[in-house]
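Peer 1: Please find the sequence and the predicted model below.
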Amino acid sequence: QRVCVPAGGGGRGRVVVVGGATVGGAGRTAVVQWLGEQALAAGLQVAVVGHGYRASARGRVPPGGDPRFGDDAALLAAALPSAWIETGRRAAVAARLAQRHDLVLTDGGLLDPAVAADRVLAVWDCTSSPEVVPAGPARVPLSRLPAAVVRWAHRVDEPGAVVPRGAQVYSRVVAKAVWAPGGGRLPLAWLQGRRVRVACGIGRPGSFLHTLARLGA
């Protein structure tokens, strides 16, 4: 669905905060990537403020990515090579980048009062459970979000998913390709009926396992 973003004020670009409403792996970075892709395809100049979790470096992330700036920021730099990706103090970086970009997306910062945002999106992992570590309950209960915040329900098609009342946008995980050990791409059909041993380095591996099962692995 289309997410309407009001024009920025004072001659600056628009700033959209994309925050995770649940603890760990809400799908926030994937939503930032998708929004960035749509904006770039529309001919906009796009910048992203990465959260730089556990990063050893700050500043502009080189196109193609650099893990020193944090895994998520590196992923976004690789996925959006024509966008400006930068980590640092969120409010200050967003304000500066908005002076020379049409759209600035922040990867994190839900309800951060220091960020002058034109639109705020709260991404909710619909498979979130108190049995998952780190435990969600939500960082910010949906019932306490201001009415102007767009509620984005992610992973709506997976087992155990509960779509929160009032969600305005739904999304799910979509596999695109399989990367071979040598660096080439394989068709998704390569996984059908294939025995696999899974190694997953993300906090909530359930979505990854569910995607592999749907592809027939």
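Peer 2: Right, received. Where do you want to start? Residues are numbered from 1 along each chain as shown.

Peer 1: How about the secondary structure of the residue of the chain positioned farthest from its centre?
Peer 2: In the chain, G193 marks the outermost C-alpha relative to the chain mean, sitting 30.7 Å out by CA atoms, centre = their mean. G193 carries the three-state label coil when classified by DSSP: H, G, I helix; E, B strand; the rest coil.

Peer 1: With adjacent residues omitted, what lies nearest to it?
Peer 2: If the residues on either side of it in the chain are set aside, G193 comes closest to G216, at 5.9 Å by CB to CB, 6 or more residues apart in numbering. C-betas here are computed from N, CA, C, even on glycine.

Peer 1: Next, count neighbours for that neighbour.
Peer 2: Counted with other CB atoms under 10 Å, the burial measure for G216 works out to 12 neighbours.

Peer 1: Make sure it is actually in contact with L191.
Peer 2: Yes - between G216 and L191 there is a contact at 5.8 Å, judged by CB atoms under 8 Å.

Peer 1: Endpoints of stretch 75-88, how far apart?
Peer 2: The stretch stretch 75-88 measures 16 Å between its terminal residues, going by CA to CA, to the nearest Å.

Peer 1: Now do that stretch, average pLDDT.
Peer 2: Per-residue pLDDT values across stretch 75-88 average out to 94.

Peer 1: Check which residues of it are buried.
Peer 2: L75, L76, A77, A78, A79, L80, A83, W84, I85, E86, T87, G88 (16 or more other CB atoms under 10 Å).

Peer 1: Looking at those residues, spot the one nearest R155.
Peer 2: Proximity of those to R155 (CB to CB) peaks at L75, which lies at 17.8 Å.

Peer 1: Give the residue spans of this protein that score low on pLDDT.
Peer 2: Applying pLDDT under 70 to the chain flags residues 1-4, 6-7, 9, 23-24, 129-139, 203.
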